[in-house]
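Visitor: need a 3D model of the following:
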Amino acid sequence: MRSTFTLKNSLMFLTLLLFSTFAMGQNKKVTGVVTDKNYQPLPAVSIQVVGSAQGTVSDENGKFAISVPENGKLSFTFIGFKSTVVTVSNKTTINIILEEDEKSLREVVATPFGMKSH
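Guide: Now for the predicted structure:
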């Protein structure tokens, strides 16, 4: 009788451990398109999972695909545009419109002799 009780406890513990590990490590594929305010696709936008080194870039049509934890956040950055962070939650598709950062565009001027800051 005592060995059956211990075996049941052991099996229950292993089952719980297996399910909790599976739930914690769940990633899902998120896809989408990055555009500007005129709905023009933005190629080479940096897309990174916040708090991780995992990332990707959008293709020439602004499309991207990345594996993200269920409770993860994605950071979108592109020169001349404001960085945006989006919480993934239960989304599998995220289409994002990046807003121009006029301040950053005015700060750097490219010349034949290099870049100057204004």
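
Visitor: which residues of the protein fall in helices?
Guide: Listed in chain order, the helices of the chain (DSSP state H) span 2-24, 102-107.

Visitor: mean confidence (pLDDT) on the first one, please.
Guide: Across helix 2-24, the average pLDDT comes to 55.

Visitor: per-residue pLDDT of the closest residue to K29 other than its chain neighbours, please?
Guide: For K29, ignoring the flanking residues on the chain, the nearest one in space by Cβ to Cβ, 6 or more residues apart in numbering is S67 at 5.7 Å. To be clear about C-beta, it is placed using only N, CA and C from the backbone, and glycine gets the same treatment. Looking at S67, its pLDDT is 95.

Visitor: which neighbouring elements make contact with the top strand by length along the chain?
Guide: What stands out as the longest strand in the chain, according to DSSP state E, is strand 27-35. Applying 3 or more Cβ pairs under 8 Å, 6 or more residues apart in numbering; DSSP states H and E, one finds that strand 27-35 contacts strand 63-69, strand 96-97.

Visitor: turn these into CSV, including distance to N27 and mean neighbour count.
Guide: Output for those, formatted as CSV (distance: least, Cβ to Cβ, whole Å; neighbours: other Cβ atoms under 10 Å):
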stretch, distance to N27, mean neighbour count
strand 63-69, 5, 17
strand 96-97, 20, 16
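
Visitor: do you know which of those lies nearest V30?
Guide: Nearest to V30 among those is strand 63-69; the distance by Cβ to Cβ comes to 5.0 Å.

Visitor: coming back round to it: who's in contact with the residue nearest to K29?
Guide: Applying Cβ atoms under 8 Å, 6 or more residues apart in numbering to S67 gives the contacts N27, K28, K29, V30, Q54.

Visitor: write the PyMOL selection for whichever of these are buried.
Guide: Applying 16 or more other Cβ atoms under 10 Å to those, the buried members can be selected in PyMOL as follows:
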select buried, resi 30
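
Visitor: what's the closest of the contacts of S67 to P43?
Guide: Nearest to P43 among those: V30, at 18.4 Å, using Cβ to Cβ.
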